[in-house]
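*Asks:* Everything below, folded, please.
(one chain, ligands or ions: 2)
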Amino acid sequence: MTQVLAFVSAKGGVGKSTVAANIATALVQRKKNVLLIDLDPQNSQRFHLGMDPEEIAGLAREGIEPGSIFDSPYGVSFIPFGRVSESELQEFESQLKLNPRWVAESIRSLGENMFDYVILDTPPGPSVFLQQALLAAHRALVILLADAASFATIEKIQDLVTQYTAQRTEFKGAHFLINQMPINSKLGHQVRNAMSAHYGEHLVPASIHRDARVAQALAYERPVLQYEPGCKASLDLQYVTDWLLNSTD
Ligand SMILES: Nc1ncnc2c1ncn2[C@@H]1O[C@H](COP(=O)(O)OP(=O)(O)OP(=O)(O)O)[C@@H](O)[C@H]1O
Ligand SMILES: [Mg+2]
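*Replies:* Ligands and ions are numbered 1, 2, ... in the order given. Take a look at the predicted model:
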């Protein structure tokens, strides 16, 4: 059965798109068929996957169907958000408001055999895109930083997740994943311990460390797993992918 994973956060810039692109790549390395859909009007996922920046096609214009799927250079099937004008964006958002299950239904229409995993990248905070993603997801990965500000936002994002998933028996739960964990930081570890005490098994058992190679990889428009497979962040991402496979397969 296709597993739909939504990458979400209350705060911006925590690393949703980076982690989503790399976990998608790591799943492909494990011979899974993976579709990544960029549900964020910033349309920036294409930089992580090395796609043509001039391309205007994507979700907003073509929707989710076989003809709108690009093959990325790293083996991840990909639907970018697409380049749209402000008025086209408003029109698209109004359509999504009218049918909150459009993404869920479109993914279902692809059929069960096309993809093992569909990964949804979302904008930060509440939005019609977050609503669509959570109504389609089997699991949510909440990306956090190990700092007090992120800790303070956990309840807000938990409320949103509950609001959109409460009635759905196919939703298996939210997992909290710490990204940009500073190496050897006492404060970072204290925050992680506090999160672990509060959220127990919902906290993913490994963090992704802060690593300069991640930002460098983005400058070269490729996943860090391809750019520097042996660096700390890449090893963390591989570990988290194995953990995810064990908990979803
Ligand atoms: N583990 C990491 N180590 C170092 N830098 C990182 C790490 N993860 C992400 N970054 C950097 O943080 C910045 C933000 O990452 P990204 O765009 O993935 O965040 P986002 O949550 O998707 O942002 P937005 O909320 O705007 O969609 C990028 O410059 C990225 O290279
Ligand atoms: Mg993003």
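*Asks:* separation between the residue lying farthest from the centre of the chain and ligand 2?
*Replies:* In the chain, counting by CA atoms, centre = their mean, Lys186 sits farthest out from the average C-alpha position, at 27.9 Å. For Lys186, the distance to ligand 2 (CB to the ion, to the nearest Å) stands at 29 Å. Just so you know, the C-beta spots here come from the backbone N, C-alpha and C atoms, and that holds for glycine as well.
*Asks:* Please name the residues that touch that residue.
*Replies:* Applying CB atoms under 8 Å, 6 or more residues apart in numbering to Lys186 gives no contacts.
*Asks:* So which residues on this structure come close to ligand 1?
*Replies:* Applying CB under 6 Å from any ligand atom, one finds that the chain approaches ligand 1 through 9, 12-18, 40, 42, 123-124, 179-180, 208, 210-211, 214-215, 218, 233.
*Asks:* just the buried members of these?
*Replies:* Buried residues within these, counting neighbours by 16 or more other CB atoms under 10 Å: 9, 14-18, 40, 123-124, 179-180, 208, 210-211, 214, 218, 233.
*Asks:* Select from those every entry located in helices.
*Replies:* Among these, the members found in helices (DSSP state H) are Lys16, Ser17, Thr18, Val214, Leu218, Ala233.
*Asks:* Take those residues and lay them out in TSV including pLDDT.
*Replies:* Shown next, in TSV, are those (pLDDT from 0 to 100):
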residue	pLDDT
Lys16	98
Ser17	97
Thr18	98
Val214	97
Leu218	94
Ala233	98
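*Asks:* quick one: the strands in the protein?
*Replies:* Assigned strands in the chain, in chain order: 3-8, 34-38, 70-71, 77-79, 117-121, 139-145, 173-179 (criterion: DSSP state E).
*Asks:* From the chain's centroid, how far away is the shortest one?
*Replies:* Going by CA atoms, centre = their mean, to the nearest Å, the spacing between the C-alpha centre of strand 70-71 and its chain's C-alpha centre is 18 Å.
*Asks:* model confidence over it, on average?
*Replies:* For strand 70-71, the mean pLDDT works out to 94.
*Asks:* other SSEs contacting it?
*Replies:* Judged by 3 or more CB pairs under 8 Å, 6 or more residues apart in numbering; DSSP states H and E, strand 70-71 is in contact with strand 77-79.
*Asks:* Give me the residues contacting the strand it packs on.
*Replies:* Here strand 77-79 has contacts from 33-38, 45-46, 49, 51, 58-59, 62, 64, 68-72, 115, using CB under 8 Å, 6+ apart.
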